[in-house]
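**Student:** Got a sequence here, can you model it:
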Amino acid sequence: MIQITRILAKQLRAIFKKTLNRHGPQTILTFRSGDDGLFVEANGTSQALQYHDPQAQDREHLLVPLNVLEDVQGAKAEPVFLNTRRAGVLGASWHDKGVFHDLEYDSPEPVADAKPFPAMPTQLAENPPTMLAALRDAYETTDIESNRYALGSIQVRGSEGVIAATDGRQLLKQTGFQFGFENELLLEHTKFFANKELPDDQPVRVGKSDDKTVVFQVGPWSYWIAVADGRFPDIDRIIPSTQYSKATLQLNAADAKFMVDNLHRMPNGVTNRELTLDLNGFVILRATSPTTPRPAEMILRNSRKQGDDVRICTDRKFLARAAEMGFSEIHLPDNTAPAVARDATRTFLWMLLDAKEAIKPTDDCLRIESPFDYGPRASSTPSRKESPMNRIAPTPTAPLNQPDPVQPAALTAEQTIRRRKRTANGGKPASSIEQAISLREQLRTALTSSKELIRSLKTEKRGQKSLKLALDSLKQLQNVA
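**Tutor:** Numbers count the residues shown, from 1 in each chain. Below you'll find the predicted structure:
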């Protein structure tokens, strides 16, 4: 008899089903247990997957259809017992909310000419847990429908520690990894690394099982993937230098999250993806649609640009992806060359759309603005709606046109307007819209100051009342005396 839990059955079903791209009873899992623990395995044509729990169990060997796990799965660690009832019959029993369930299934017959399960390499190179996210991001940059080059695969360079991927419109190069081999290989497309059930706090170990197979080990999971054939583009020649970029967008972390969360509010273009990025002193995203002649603007008030003014047209999906991956600097060589997001170990670039499609500013556009980011607060608590997957780490980027957070009322109204004019227009007179925005910020500051004044007055009033009560008590004591 083999014992698992209902929540483990749920995880096994999800990962095996997504990885092997099969459904229902077509996928047969091998359960084997003994002194070395429990092994759950499935062997495909170009990949193999194994789960290992080292806790010893009774010696047993079962062939279990995937639909059995679908029946017994649950959200709690309640025990599930699998065993052979009689010849050709597999049994499964468990409790669900106090109700006992006992089902029987036809036991699959062993495949006579099945190929043996692949062996584990003698040595594995260890990498930090961040490698799992790197592999997930790489496979999200591929194009399995492309017939040009091997764009459905990712490239790993053992000697350089590089993971690279491209779909012809975007490119991602990541460095700093150990593979345990020196070869330059292409790995077939897979959905294994996209499984949310994989542990993201465990080291990732990599090695070669043989000349045509690479194995990844993540926590209790071991995954064998085949080496692909084909040509891969020379991506190093494609990546442009950012030394002479016309402009650089310094994207504040709070603005990045605001943009990703609110891009759906922007109008959809003809292809539902066009977006104008206008760096003109402010950082502005602009979009319109055929049914709404008035464009909409998203102003990222904590972000800024370095270099010259530039206006580009981009696919909003790629800009949002750069923000989600945590890039804080996006280089724009000009309004036609690829945009390049870069940090210490990663380079992400994407092709821009036709610059002629960029939307010019108008006075009647609809506006949405990101809130000012005053940095982390010691007393603040995270929102219940905030997801850890969407949380972006704060960066020290200074907010654009933001008053000093320590002394929010230190500047006079005239000084604030002059500062906004100088920052936004390089000394040119500000437009009516800019003056209105500045006035609104002054009113917000005044409102904050008035609230503080009211709070102080109430405190003084309570103090005076307490003093009066104390004096009355003293007078009563004197009369008694």
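**Student:** As a check, name the ranges of all helices in the stretch 301-450 of the chain.
**Tutor:** 316-324, 413-425, 432-480 (DSSP state H, counting those that start in this stretch).
**Student:** Now do the shortest one, average pLDDT.
**Tutor:** Here the mean pLDDT over helix 316-324 is 97, rounded to a whole number.
**Student:** ok, residues contacting it?
**Tutor:** 169-170, 251, 256-257, 259-260, 263, 266, 273-275, 277, 287, 330, 339, 341, 348, 350, 390, 392 (C-beta atoms under 8 Å, 6 or more residues apart in numbering). Yep, even glycine has a C-beta here, placed from its N, CA and C like the rest.
**Student:** Which ones among the residues you listed map onto strands?
**Tutor:** 170, 274-275, 277, 287, 330, 339, 341, 348, 350 (DSSP state E).
**Student:** Greatest separation within those: which pair is it?
**Tutor:** Spanning the widest gap among the ones in strands among the contacts of helix 316-324 are Ala287 and Phe348, at 21.8 Å by C-beta to C-beta.
**Student:** The helices of the stretch 301-450 of the chain: lowest mean pLDDT?
**Tutor:** Looking at the helices of the stretch 301-450 of the chain, the weakest mean confidence is helix 413-425, a mean of 43.
**Student:** Roughly how far does Pro110 sit from Gln47?
**Tutor:** 20 Å (C-beta to C-beta, to the nearest Å).
**Student:** Pick out whichever of those two has more residues nearby.
**Tutor:** Neighbours of Pro110 and Gln47, each counted by other C-beta atoms under 10 Å, are more numerous for Gln47; the result is 19 against 10.
**Student:** Can you find the helix or strand of the protein with the lowest average pLDDT?
**Tutor:** Here the helix or strand of the chain ranked lowest by mean pLDDT, DSSP states H and E is helix 413-425, holding a mean of 43.
**Student:** Which positions in stretch 145-159 come out as buried?
**Tutor:** In terms of neighbour count (16 or more other C-beta atoms under 10 Å), stretch 145-159 has its buried residues at 150-158.
**Student:** what about stretch 269-285, how long is it end to end?
**Tutor:** Using C-alpha to C-alpha, to the nearest Å, the end-to-end distance of stretch 269-285 comes to 13 Å.
**Student:** Off-centre distance for it?
**Tutor:** The chain centroid and the centroid of stretch 269-285 are separated by 22 Å under C-alpha atoms, centre = their mean, to the nearest Å.
**Student:** before we move on, what about stretch 159-169?
**Tutor:** Distance of stretch 159-169 from its chain centroid, counting by C-alpha atoms, centre = their mean, is 19 Å.
**Student:** per-residue confidence averaged over that stretch?
**Tutor:** 96.
**Student:** So which residues make contact with that stretch?
**Tutor:** Under C-beta under 8 Å, 6+ apart, the answer for stretch 159-169 is 134-135, 138-139, 141-143, 146, 148, 151, 154-157, 171-179, 182, 184, 232-233, 235, 238, 315, 318, 350-351.
**Student:** how about a cut-off of 7 Å?
**Tutor:** With C-beta atoms under 7 Å, 6 or more residues apart in numbering as the contact definition, stretch 159-169 has outside contacts at 134-135, 138-139, 141-143, 146, 148, 151, 154-156, 172-178, 182, 233, 235, 350-351.
**Student:** gap between the two ends of stretch 210-223?
**Tutor:** By C-alpha to C-alpha, the extent of stretch 210-223 from end to end equals 14 Å.
**Student:** Mind checking the pLDDT average for that stretch?
**Tutor:** For stretch 210-223, mean pLDDT is 95.
**Student:** One more: stretch 357-367?
**Tutor:** Stretch 357-367 comes out at a mean pLDDT of 90.
**Student:** roughly how far is it from the heart of the chain?
**Tutor:** 30 Å.
**Student:** And it, what's buried?
**Tutor:** By 16+ other C-beta under 10 Å, the buried positions in stretch 357-367 come out as 358-359, 361, 365.
**Student:** what does stretch 48-66 give?
**Tutor:** Within stretch 48-66, the residues that qualify as buried are 48-51, 57, 60, 62-66, counting by 16+ other C-beta under 10 Å.
**Student:** got JSON lines for these, with pLDDT and secondary structure too?
**Tutor:** JSON lines is the format used below for the buried residues of stretch 48-66 (pLDDT from 0 to 100; DSSP: H, G, I helix; E, B strand; the rest coil):
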{"residue": "Ala48", "pLDDT": "95", "secondary structure": "strand"}
{"residue": "Leu49", "pLDDT": "97", "secondary structure": "strand"}
{"residue": "Gln50", "pLDDT": "97", "secondary structure": "strand"}
{"residue": "Tyr51", "pLDDT": "98", "secondary structure": "strand"}
{"residue": "Gln57", "pLDDT": "96", "secondary structure": "coil"}
{"residue": "Glu60", "pLDDT": "95", "secondary structure": "strand"}
{"residue": "Leu62", "pLDDT": "96", "secondary structure": "strand"}
{"residue": "Leu63", "pLDDT": "95", "secondary structure": "strand"}
{"residue": "Val64", "pLDDT": "95", "secondary structure": "strand"}
{"residue": "Pro65", "pLDDT": "94", "secondary structure": "strand"}
{"residue": "Leu66", "pLDDT": "93", "secondary structure": "helix"}
